[in-house]
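Student: no FASTA, just this:
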């Protein structure tokens, strides 16, 4: 018995790339999708040709290459360059063109705004196909590493620690030179003085930042807490998904946490989705990281019902019988009634309370009662010497309405994980999109929009099936070519 031997490498064959690519390969979807796009309207670079000089590659060629690459975890421009020479599907997709890796890299770097425009156009197309309703959306975030090492990220404490260490080394070298001159020691002394000057320069730049940290390689990157409390320099990417078919409809990246992102992402989703059917109100689901009275108020002003997981107060865990929810609020009299049936009054004055190291504040009222003196429940209720008092924020009514909606509709809120979280598994686990290859927020967002477009495109295959999706895309292509 012999093993399977295969075919002779020197065998001459009469075949074509068309025959070598599977009839239901995803590469055919990518080809049809890009061909149906009017790329000129999205502002891609090198679309218009000069009269002189070497003609550039068409933007459609490089767009197809990137969409294929991101769906197959080939994101490096050098690996994409190699794929153009060795990958049969890529050779079929771009007609055996072989762009240089710098050309590939520059296309991604220079067209971040165009990637965003393509994604928004795609979302509008999905809504036209009735795959996006906008009735229920979910928001969540995931973190990706930036092109900036942790050692090139600074805060005041880190700068001080470095300068203190350098000062000690400078003193050691100066003392050594006082005893005996040595050229090596002198060079080390000059090197440390230069390092100190550089750190002092970074310290001056640090004072001009809003959040107390500075990244020297990618100025928009920030120190972010990843899984298991490990700190890395990266971006916190916000994502919005529609509930009907779990398609992504908006993206952004901003602060290292989610506290101030809710209203911003709702507004972006509204812009991308457009007007809803008459009589339809948008509902937004998100976890407790997005729970902020200020953001809940903005959502109501945008005409959106929020279902954000409530944050439990510390008293809810340590002393649940006398937690905030045990005190009934009387809106007419602006008073609270405690579990002992005593009334807590306010002097009507608003106090400023600061957050985020004093960079943001909100207003609160204080409610107190003299009935705490001699109350038999006092020891269970509070340890404050002046008795129990309640702090009511200016956003409390918005918080209460949100919390009531969540508590009254627990099954509806549980849809959140099904709507938004599984996409992150595909992006990070399967496609390895856990780091960015670009620098600065605008370019990183361009990469995010590119990979989100890839996700929605692949999702359509599961929704329609291969043949039906190809037919839909080709129908748009025929209409586009007819108008052209």
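Tutor: All right, it came through fine. Note that this is a predicted model, so its numbers are computed, not measured.

Student: for the stretch 101-250 of the chain, which segments count as strands?
Tutor: Ranges of strands in the stretch 101-250 of the chain, per DSSP state E, counting those that start in this stretch, are 136-145, 153-155, 213-215, 222-225, 231-242, 248-253.

Student: given the longest one, what are its sheet partners and their directions?
Tutor: When sheet partners are counted by DSSP bridges, strand 231-242 sits next to strand 136-145 (antiparallel), strand 222-225 (antiparallel), strand 248-253 (antiparallel).

Student: which helices and strands does the helix or strand that contains residue 362 pack with?
Tutor: Per DSSP states H and E: residue 362 is located in strand 360-368. Contacts defined by 3 or more Cβ pairs under 8 Å, 6 or more residues apart in numbering; DSSP states H and E place strand 360-368 against strand 343-346, strand 351-355, strand 389-393. Every C-beta, even on glycine, is put in place using the N, C-alpha and C of the backbone.

Student: now the last one: buried residues?
Tutor: It stands for strand 389-393. By neighbour count with 16 or more other Cβ atoms under 10 Å, strand 389-393 contains the buried residues 390, 392, 393.

Student: by pLDDT, give me the weakest of the residues you listed.
Tutor: Lowest pLDDT among the buried residues of strand 389-393: residue 390, with 85.

Student: what bridges to that one?
Tutor: With DSSP bridges applied, residue 390 shows beta-bridge pairing to residue 367.

Student: re earlier: redo the buried residues of strand 389-393 as TSV? Include distance to residue 164.
Tutor: Formatted as TSV, those follow (distance: Cβ to Cβ, whole Å):
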residue	distance to residue 164
390	45
392	45
393	41
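
Student: and of those residues, the nearest to residue 285?
Tutor: Distances from residue 285 to those, taken as Cβ to Cβ, are shortest for residue 393 (22.7 Å).

Student: go ahead and confirm that closest one touches residue 352.
Tutor: No: Residue 393 is not in contact with residue 352 according to Cβ atoms under 8 Å; the separation is 11.3 Å.

Student: overlap in contacts of the two?
Tutor: By Cβ atoms under 8 Å, 6 or more residues apart in numbering, residue 393 and residue 352 have these common neighbours: 362, 363.

Student: and residue 432, what element?
Tutor: Going by DSSP H and E, residue 432 is not in any helix or strand.

Student: quick check: the nearest residue to it once chain neighbours are set aside vs residue 108, distance?
Tutor: Spatial nearest neighbour of residue 432, excluding adjacent residues (Cβ to Cβ, 6 or more residues apart in numbering): residue 73 at 4.8 Å. Applying Cβ to Cβ, to the nearest Å, the value for residue 73 to residue 108 is 16 Å.

Student: now do residue 451
Tutor: Using Cβ to Cβ, one obtains 11 Å as the distance from residue 451 to residue 108.

Student: what of residue 463?
Tutor: To residue 108, residue 463 is 28 Å away according to Cβ to Cβ.

Student: who's more crowded, the two?
Tutor: Set residue 463 next to residue 108 and count neighbours by other Cβ atoms under 10 Å: residue 108 wins out with 21 against 16.

Student: I'd say that one and residue 447 touch.
Tutor: Yes: between residue 108 and residue 447 there is a contact under Cβ under 8 Å: 6.8 Å.

Student: poorly predicted segments of the chain, please.
Tutor: The model of the chain has pLDDT under 70 over residues 1, 47-53, 313-319, 355-360, 479-484.

Student: ok, 80 please
Tutor: Residue ranges of the chain with pLDDT under 80: 1-2, 46-54, 181, 227-228, 312-321, 324-325, 354-361, 477-484.

Student: contact partners for the most centrally placed residue in it?
Tutor: Nearest to the mean C-alpha position of the chain, counting by Cα atoms, centre = their mean, stands residue 237 at 1.0 Å. Contact analysis of residue 237 by Cβ under 8 Å, 6+ apart lists 141, 142, 143, 144, 251, 252, 253, 448.

Student: swap in residue 71?
Tutor: By Cβ under 8 Å, 6+ apart, residue 71 lies in contact with 26, 30, 431, 454, 457, 458.

Student: residues contacting the first one?
Tutor: Contacts for residue 26 were tallied using Cβ under 8 Å, 6+ apart; they are 71, 458, 461.

Student: quick one, phi/psi of it?
Tutor: Main-chain dihedrals, residue 26, degrees, to the nearest 10: phi -60, psi -20.

Student: what's the spacing between it and residue 91?
Tutor: 15 Å.

Student: kindly report the same for the second one.
Tutor: For residue 30, the distance to residue 91 equals 14 Å [Cβ to Cβ].

Student: more crowded one of those two?
Tutor: Legend: neighbour count by other Cβ under 10 Å for residue 30 and residue 91, higher for residue 30 (22 against 18).

Student: who's in contact with the nearest residue to that one once chain neighbours are set aside?
Tutor: The shortest distance from residue 30 to any non-neighbouring residue, by Cβ to Cβ, 6+ apart, is to residue 67 (4.8 Å). Residues in contact with residue 67 (Cβ under 8 Å, 6+ apart) are 30, 33, 34, 450, 453, 454, 457.
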